[in-house]
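**Student:** Predicted model follows, preceded by the sequence.
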Amino acid sequence: MKRSMLALLVALVAGQEAPEPWPQANGPYGNYTPRRYGVRLLDDAGQARQLWLSEDDDLGYAKGSASGYLQNLARWPGHPGSSSGPIAAEGKLFVTTIRPSGDPWAENLPQYKSFDDARQGKPLAEEELARMRRNLRILADDLTVAIDLETGKTAWKAVEEGKGLNRYMGKRQGFCVSPAWHAGAVFSMGTTGLLYAYEAATGRKLWETDIGPAHRKALEHKAAVLEKKTLPGGMGWDVSLVVAGGVLVVPLFDGTDVGLRGVDPKTGKTLWEVPKACSRHATPAVWTRDGKPYVLTATVSGKLHLIDPADGKVLWTVEGLGPNHFSLTPSDRHVFVNGGSDRPRKEGDDEKYGLLAAYRLDPKGATPAWKHPPEPELFFQTWMDSCARRFLAVRDGRVLFRAYGLDKGEKRLFILDEDTGKVLAGTVLDSPALQFYPAEDRLLAIRDASHSDTELALIGLDPAGFRAPAGFWSPPHLQTTAYEVYLEHPFVDGRLYLRTKDGRIACYDLRAPAK
């Protein structure tokens, strides 16, 4: 704590106000890079300590399996929930999720002829039968939960009764819309496209609005499934809320490339809209130059946009890129995108592998800096299952880049020189779903962030000794997650906050003991 206060004082003396720890899905700087606190981290993640498990266990288990009605709805404790990551501000964690509610329940299931068929001929205990009936409720409460960052105690809980729609998310197509914090308020989206604002300190509701056509479509779907008494499947809402320049930026979920809406955070009033601005899987990046924030987005159709959040004006567009499904992670100078390639997934296939390219950023335009050559180990996938997963991080002139590779299908993690794209170091991985953050002087890695078998490691960032860890550590509580995109977990002051499969938050201390 003393070192954290020292880091804060240094920032204040330098004339900079330290940002909140993790105020939106893409972190305090809009690019998934945690703040530096000056803490010394463990050499071995296996020595991490669990500090607390949240008092609230109502967050849901999020992603299920592809065919797991029985396992997930009856035999896994808890209930379905969102795949939304927590955020951290004002000494609290804030989580958006859903909880099945109401009387109507799904007697007809999309994948099965009947409720009994869903049991697959397997007997259910009375407790399991009751849980399955509860989890097959069609309606849902939209929940926003505030949890004390230091203790795990519930600070407040906002319940929007029956305004949501229960979903069996299965493996894919989750509800991954994380909340955002700004100036004492928390903004949260529900499963029918309702947008809520709450006072961060108390949970008092400030306003409510909706996202327009997608909300009306969701209400029509809600009425249809209530009439048919069936449970809807996943929805594939993966873009989270962000704040840039004091404007709340909201996805409209209206296509493969979704529109964005600028919203006044004090009133909920619409300020502007930009159509087809961002991939439906990617949370917009917030890029700052000379103290002014901008919204930076890329699309599946191969365009890169810089948007002024003050008025929604598109300042410039780069066209002719490859498909960009993933969230961007810009530095203060560059952004890294799929520059495209001619290498097909397989002969005759329209889907092409991606190659990393960097563009120099300026409010007046973007210019090419470099693009990787078509060398086998440098390609990455641009199709499901892994095209939407975040695979880049940047800090101190270095880019951490996870590639898929063509030779033997090997997955690799590289350290690149930011200015040239040159490979400084690389190591072979055994998972295509590695999630990572540059944390203090290490790389915090989650081995398989698209499944629940959580395994953590802390990796040194010196290119001379850069290598995959000999082993990963499995915390006692399984993380919950999403599939096409990552559920982002806040890293704050040497502590990692994981949403767990049993509907809680677990806090793990990765700080080395004081000498």
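**Tutor:** That came in fine, so what should we check first? Numbers count the residues shown, from 1 in each chain.
**Student:** Secondary structure of residue 293: a helix, I assume?
**Tutor:** No. Applying DSSP: H, G, I helix; E, B strand; the rest coil, one finds residue 293 to be strand, outside a helix.
**Student:** Pretty sure it sits against residue 285.
**Tutor:** No. Contact criterion C-beta atoms under 8 Å: residue 293 and residue 285 do not qualify, at 10.2 Å. Glycine gets a C-beta too; all of them are placed from N, C-alpha and C.
**Student:** between these two, what contacts are shared?
**Tutor:** residue 30 (C-beta atoms under 8 Å, 6 or more residues apart in numbering).
**Student:** element containing residue 496, please.
**Tutor:** Residue 496 is part of strand 495-499, with elements assigned from DSSP states H and E.
**Student:** packing partners for that strand?
**Tutor:** strand 505-509 (3 or more C-beta pairs under 8 Å, 6 or more residues apart in numbering; DSSP states H and E).
**Student:** what packs against the strand it packs on?
**Tutor:** Packed next to strand 505-509, using 3+ C-beta pairs under 8 Å, 6+ apart, are strand 49-53, strand 495-499.
**Student:** Quick check: residue 91 vs residue 510, distance?
**Tutor:** For residue 91, the distance to residue 510 equals 19 Å [C-beta to C-beta, to the nearest Å].
**Student:** who has more neighbours, those two?
**Tutor:** More crowded of residue 91 and residue 510, by other C-beta atoms under 10 Å: residue 510, with 22 against 14.
**Student:** For that one, give me its contacts.
**Tutor:** Under the criterion of C-beta under 8 Å, 6+ apart, the contact partners of residue 510 comprise 41, 42, 45, 48, 439, 444, 458, 494, 495, 496.
**Student:** Among residue 293 and residue 285, which residue is more densely surrounded?
**Tutor:** A side-by-side neighbour count of residue 293 and residue 285, using other C-beta under 10 Å, places residue 285 first with 23 against 19.
**Student:** phi, psi of the more buried one?
**Tutor:** The phi and psi values for residue 285, taken as degrees, to the nearest 10, are phi -90, psi 150.
**Student:** Point out where the protein drops to low pLDDT.
**Tutor:** The chain contains residues with pLDDT under 70 at 1-16, 66-71, 109-123, 407-408.
**Student:** hey, where'd the helices end up in the stretch 151-300 of the chain?
**Tutor:** 213-228 (DSSP state H, counting those that start in this stretch).
**Student:** Burial check on the closest residue to residue 492 other than its chain neighbours, number of neighbours?
**Tutor:** Once flanking residues are discounted, residue 492 sits nearest to residue 21: 4.1 Å by C-beta to C-beta, 6 or more residues apart in numbering. By other C-beta under 10 Å, the residues close to residue 21 number 25.
**Student:** Spell out which helix or strand contains residue 145, please.
**Tutor:** Using DSSP H and E, residue 145 falls in strand 137-148.
**Student:** That strand packs against which elements?
**Tutor:** strand 92-105, strand 154-165, strand 185-189, strand 194-199, helix 213-228.
**Student:** Determine which stretch of those is the most buried.
**Tutor:** Ranked by mean neighbour count, these are led by strand 185-189 with a mean of 26 (mean count of other C-beta atoms under 10 Å).
**Student:** can you state the direction angle for that one and strand 154-165?
**Tutor:** Relative orientation of strand 185-189 versus strand 154-165 (axes from the mean of the first three to the mean of the last three C-alpha atoms, to 10 degrees): 30 degrees.
**Student:** how far away is residue 419 from residue 398?
**Tutor:** From residue 419 to residue 398 the distance is 10 Å (C-beta to C-beta).
**Student:** With neighbour numbers in mind, choose between the two.
**Tutor:** residue 398 (19 against 14).
**Student:** My guess is the more buried one contacts residue 417. True?
**Tutor:** Yes. Proximity of residue 398 to residue 417 meets the contact threshold set by C-beta under 8 Å, at 7.1 Å.
**Student:** what's the overlap in contacts for those two?
**Tutor:** With C-beta under 8 Å, 6+ apart as the test, residue 398 and residue 417 both reach residue 424.
**Student:** show me what contacts residue 483?
**Tutor:** Residue 483 touches 63, 171, 172, 174, 385, 450, counting by C-beta under 8 Å, 6+ apart.
**Student:** Going by distance to residue 244, which of these wins?
**Tutor:** The closest of those to residue 244 turns out to be residue 174 (C-beta to C-beta; 24.6 Å).
**Student:** Test my guess that that closest one contacts residue 62.
**Tutor:** Yes. Using C-beta under 8 Å, residue 174 makes contact with residue 62 at a distance of 6.6 Å.
**Student:** Disregarding residues adjacent in the polypeptide, which is nearest to residue 481?
**Tutor:** Spatially, and ignoring its direct neighbours in sequence, residue 481 is nearest to residue 487 (4.9 Å; C-beta to C-beta, 6+ apart).
**Student:** List the residues that contact the one you found.
**Tutor:** 62, 83, 84, 85, 176, 449, 479, 480, 481, 499.
**Student:** Residue 297: which of those residues is nearest?
**Tutor:** Looking at the contacts of residue 487 and their distance to residue 297, the nearest is residue 176, at 16.8 Å (C-beta to C-beta).
**Student:** Take the contacts of residue 510 and lay them out in CSV including distance to residue 34 and neighbour count.
**Tutor:** Converted to CSV, these look like this (distance: C-beta to C-beta, whole Å; neighbours: other C-beta atoms under 10 Å):
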residue, distance to residue 34, neighbour count
41, 11, 16
42, 16, 18
45, 16, 24
48, 16, 20
439, 6, 25
444, 8, 22
458, 13, 22
494, 10, 22
495, 11, 22
496, 10, 23
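**Student:** and of those residues, the nearest to residue 403?
**Tutor:** Nearest to residue 403 among these, with distances taken as C-beta to C-beta, is residue 444, at 19.6 Å.
**Student:** was I right about residue 272 contacting residue 314?
**Tutor:** No. Contact criterion C-beta under 8 Å: residue 272 and residue 314 do not qualify, at 10.4 Å.
**Student:** Let me know whether the residue nearest to residue 492 touches residue 493 as I believe.
**Tutor:** Yes. Residue 21 is within contact range of residue 493, at 7.1 Å (criterion: C-beta under 8 Å).
**Student:** Now do the shared contacts for residue 174 and residue 62.
**Tutor:** In contact with both residue 174 and residue 62: 82, 83, 482, using C-beta under 8 Å, 6+ apart.
**Student:** and residue 376, how many neighbours?
**Tutor:** Neighbours of residue 376 (other C-beta under 10 Å): 13.
**Student:** isn't it right next to residue 405, touching?
**Tutor:** Yes. If you go by C-beta under 8 Å, residue 376 and residue 405 touch, sitting 6.2 Å apart.
**Student:** if we can go back for a sec, is it possible to export the contacts of residue 510 to TSV including distance to residue 411?
**Tutor:** Converted to TSV, the contacts of residue 510 look like this (distance: C-beta to C-beta, whole Å):
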residue	distance to residue 411
41	25
42	25
45	20
48	25
439	21
444	18
458	19
494	28
495	28
496	23
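**Student:** closest to residue 199 among the residues you listed?
**Tutor:** residue 495 (25.3 Å).
**Student:** Return the set of residues that bridge with that closest one.
**Tutor:** residue 492, residue 509 (DSSP bridges).
**Student:** For it, which residues are in contact?
**Tutor:** Contacts of residue 495 (C-beta under 8 Å, 6+ apart): 51, 507, 508, 509, 510, 511.
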